[in-house]
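*Asks:* Have a look at this prediction, sequence included:
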Amino acid sequence: MPWRQLRLHCHGEQAEALEEGLLAAGAQSITLSDAEDHPVLEPLPGEMPVWPEVVITALFDADTDTVAVIDTLRGLGLAWDGEEWELLQDREWERAWMDDFRPMRFGERLWICPSWCEPPEPGAINLSFDPGLAFGSGTHPTTALCLEWLDRHPPVGRNLIDYGCGSGILAIAALRLGARHATALDIDPQAIEATRDNARRNAIEADRLDCGLVDELAPQPADLVMANILAGPLVELAPRLVSLLRPGGTLVLSGILAEQADQVLDAYAAQGLVMQTPVQRDDWVRLEGRRAGPSAPRHGAT
């Protein structure tokens, strides 16, 4: 059957109220998207991730009274910047959405594949991840930078901490690339559940992965610490993240805009880390540093 689609442009702080109003007016589904290419990565504690400018797309039955919908929203005292109605012919909406996501390769042998796609290289390291509510399916440059680092430096026999794990993609990729154990930490319970679900989907043994909230799980220092969050939290967390790193261990940071790199580099150099030159993709950078001390031996080495 055909559908009638409404697109509203609004400020981010109006999005939640408009979403509720559209549902009250009979919307069958609602999608929020970024109106101006603002990235949203890991939210700060207590924050809901939303863009400064938002496009809300709502689907209604084809015979919906469009005037009545707008009157309902205005009657609730809601405001927006512009509206567009469109009549959409019948199509397989779920399949059209799925077609936007294809397997992606990171480095030489690491692939991220949606669950509805066959792995392009069955003999490679293939991870099954679907786009979802928790951050991290490989599509953003910051995640890609971290996955490429893991492919280039497989953490065989090492212990890893994924701080701000989101979907758990970095911890799970590290385990599939040979890490002995990973700890996934986040401030959001939803991210912890997503990580556990994705670990099961990717056949990660339960004793190789610990998941928990940052305030509830206290892991031992690890050989490798990765944090793909935002520059501000990374600067504030510098003493904490360095304390989670063993002497000789490696720290990998992302979620940093290129113009923020020096600020983050200075924060970690002040903690005694030897920082390397940033690696950039688009507007984003990855930072790598090493804590002084002997490198940790690979598992089983003498």
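*Replies:* That came in fine, so what should we check first?
*Asks:* Tell me where the stretch 101-250 of the chain has strands.
*Replies:* 104-106, 110-113, 125-128, 159-163, 181-186, 209-213, 222-228, 245-257 (DSSP state E, counting those that start in this stretch).
*Asks:* What about G21, how many residues nearby?
*Replies:* The number of residues packed near G21 is 23, by other C-beta atoms under 10 Å. To be clear about C-beta, it is placed using only N, CA and C from the backbone, and glycine gets the same treatment.
*Asks:* can you pull the contacts of it?
*Replies:* T72, L73, L76, L78 (C-beta atoms under 8 Å, 6 or more residues apart in numbering).
*Asks:* where's it, which helix or strand?
*Replies:* Assigned by DSSP states H and E, G21 belongs to helix 15-24.
*Asks:* Pull out the buried positions in that helix.
*Replies:* A15, L18, E19, G21, L22 (16 or more other C-beta atoms under 10 Å).
*Asks:* Is it possible to get the contacts of G21 out as a markdown table so that each row also shows neighbour count, secondary structure and pLDDT?
*Replies:* Shown next, in a markdown table, are these (neighbours: other C-beta atoms under 10 Å; DSSP: H, G, I helix; E, B strand; the rest coil; pLDDT from 0 to 100):
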| residue | neighbour count | secondary structure | pLDDT |
| --- | --- | --- | --- |
| T72 | 16 | helix | 94 |
| L73 | 21 | helix | 94 |
| L76 | 13 | coil | 93 |
| L78 | 17 | coil | 93 |
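*Asks:* Nearest to A222 among these?
*Replies:* Comparing these against A222 with C-beta to C-beta places L78 closest, at 47.8 Å.
*Asks:* before we move on, back to that, closest one to L265 out of the contacts of G21, please.
*Replies:* L78 (44.4 Å).
*Asks:* From H140, how far out is the closest residue to that closest one other than its chain neighbours?
*Replies:* Spatial nearest neighbour of L78, excluding adjacent residues (C-beta to C-beta, 6 or more residues apart in numbering): G21 at 5.0 Å. Here the criterion is C-beta to C-beta, to the nearest Å. By it, G21 lies 30 Å from H140.
*Asks:* How about N159?
*Replies:* 26 Å.
*Asks:* want to throw the strands of the stretch 101-250 of the chain into JSON lines with mean neighbour count?
*Replies:* Formatted as JSON lines, those follow (neighbours: other C-beta atoms under 10 Å):
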{"stretch": "strand 104-106", "mean neighbour count": "19"}
{"stretch": "strand 110-113", "mean neighbour count": "23"}
{"stretch": "strand 125-128", "mean neighbour count": "20"}
{"stretch": "strand 159-163", "mean neighbour count": "27"}
{"stretch": "strand 181-186", "mean neighbour count": "26"}
{"stretch": "strand 209-213", "mean neighbour count": "18"}
{"stretch": "strand 222-228", "mean neighbour count": "26"}
{"stretch": "strand 245-257", "mean neighbour count": "23"}
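*Asks:* export those to CSV and tack on distance to A171 and mean pLDDT?
*Replies:* Below are these laid out as CSV (distance: least, C-beta to C-beta, whole Å; pLDDT from 0 to 100):
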stretch, distance to A171, mean pLDDT
strand 104-106, 15, 90
strand 110-113, 14, 90
strand 125-128, 11, 91
strand 159-163, 4, 97
strand 181-186, 4, 97
strand 209-213, 6, 96
strand 222-228, 8, 97
strand 245-257, 12, 96
